[in-house]
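Engineer: here's a sequence, model it:
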Amino acid sequence: MSRQTVIELDGVCTRFGGNTVHRDLDLCVKEGQIVGLLGGSGSGKTTLLREILGLHRPDAGVVRLFGVDLNDPDIRVQRNIRRRLGMLFQHGALFSALSVYDNIAFPLRELRCLDEDWIRRLVHLKLAMVGLGVSHGKLMPAELSGGMVKRVALARALALEPELLLLDEPTAGLDPDRSQNFVELIGELQRELGLTVVMVTHDLNTLAGLASHVAILADRRIIAYGTRSEIMTIDHPFVTGFFGADRRKLL
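Structural biologist: Model prediction:
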């Protein structure tokens, strides 16, 4: 059985003033894949995530999620598509004035169709999913360690039970042990929930521990896309420079 196409980028072009970031960029991500998006500084990785989220509209080309064009003028269609994805920002992006509980409850309350009893049950469920207890819900973001911030942000990203999860440098700022634990947590959740994942990362251990596929963003487009072993055969300066002697880690 062929897998559903979750993300389809077709001829995407992105410009900021006179600077062209993406040109004729194509990418197709299938259901259940975990895709590591790699590229040099300034190559447009985070911009690409924002375009997939619908936060930025490319100057040309089409972005489709689950077969739906993000430029569809029907607001209801747009809203339904956005409920099917979650985003973990690089530094968590928690609301500093809200408790852990209220941060996770925020997207649930935005639905305006759940009473507080259901929201409480769901928040406690999401806390448990990321290895945190009910008592953690009372804490404020300033009271959290870096690893806990990541877990709370992940719980919030999963609040609406998305099918697509986007991660921007998910292990940035974590020490090796916490990074490994967080990678294992994401892997477990991906398997249990059947998530499709796209992540930007510069960490080889994160890439090796999670990614089933790798997309290389260079020369303003996706120059290579395939399994980790397939990417290792690519003869391109970025691939050679990025992996160097550590290529065996990904095999």
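
Engineer: now the lowest-mean-pLDDT helix or strand in the chain: buried residues?
Structural biologist: Least confident helix or strand of the chain, by mean pLDDT, DSSP states H and E, is helix 237-243 with a mean of 81. For helix 237-243, the neighbour count (16 or more other CB atoms under 10 Å) marks 238, 239, 242, 243 as buried. For the C-beta atoms, the positions are set from N, CA and C on the backbone; glycine is no exception.

Engineer: now do stretch 7-19
Structural biologist: For stretch 7-19, burial by neighbour count (16+ other CB under 10 Å) applies to 7, 8, 9, 12, 13, 14.

Engineer: hey, C-alpha coordinates of that stretch in PDB?
Structural biologist: Only the C-alpha atoms of stretch 7-19 are listed here, as PDB (Å, rounded to 0.1, in the frame of the first residue of the first chain):
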ATOM      1  CA  ILE A   7       4.000  17.500   2.400                       C
ATOM      2  CA  GLU A   8       4.400  18.500  -1.200                       C
ATOM      3  CA  LEU A   9       6.500  21.500  -2.200                       C
ATOM      4  CA  ASP A  10       6.400  22.300  -5.900                       C
ATOM      5  CA  GLY A  11       8.600  24.900  -7.500                       C
ATOM      6  CA  VAL A  12       8.800  27.000  -4.400                       C
ATOM      7  CA  CYS A  13      10.600  30.300  -4.800                       C
ATOM      8  CA  THR A  14      11.300  32.700  -1.800                       C
ATOM      9  CA  ARG A  15      12.800  36.100  -2.000                       C
ATOM     10  CA  PHE A  16      13.600  38.700   0.700                       C
ATOM     11  CA  GLY A  17      14.200  42.000  -1.200                       C
ATOM     12  CA  GLY A  18      17.000  41.200  -3.700                       C
ATOM     13  CA  ASN A  19      18.000  38.000  -1.900                       C
END
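
Engineer: and residue 98, how far from residue 231?
Structural biologist: Distance, residue 98 to residue 231, using CB to CB, to the nearest Å: 40 Å.

Engineer: cool, residue 68 as well?
Structural biologist: 29 Å.

Engineer: and the buried residues of stretch 7-19, which two are furthest apart?
Structural biologist: 7 and 13 (17.1 Å; CB to CB).

Engineer: mind listing the strands for the protein?
Structural biologist: Ranges of strands in the chain, per DSSP state E, are 5-16, 19-30, 34-39, 60-65, 68-69, 85-88, 164-168, 196-200, 213-218, 221-227.

Engineer: picking that back up, and the two most separated of the buried residues of helix 237-243?
Structural biologist: So, the buried residues of helix 237-243 by CB to CB: farthest apart are 238 and 243, at 9.3 Å.

Engineer: returning to that earlier point: settle it for me: which of residue 98 and residue 231 has more neighbours?
Structural biologist: residue 231 (23 against 14; other CB atoms under 10 Å).

Engineer: mind checking how far that one is from residue 37?
Structural biologist: Between residue 231 and residue 37 the distance is 12 Å, computed by CB to CB.

Engineer: cool, residue 182 as well?
Structural biologist: Distance check for residue 182 against residue 37: by CB to CB, it reads 18 Å.

Engineer: so between these two, which is more surrounded?
Structural biologist: Neighbour count, other CB under 10 Å: between residue 182 and residue 37, residue 37 has more, with 27 against 22.
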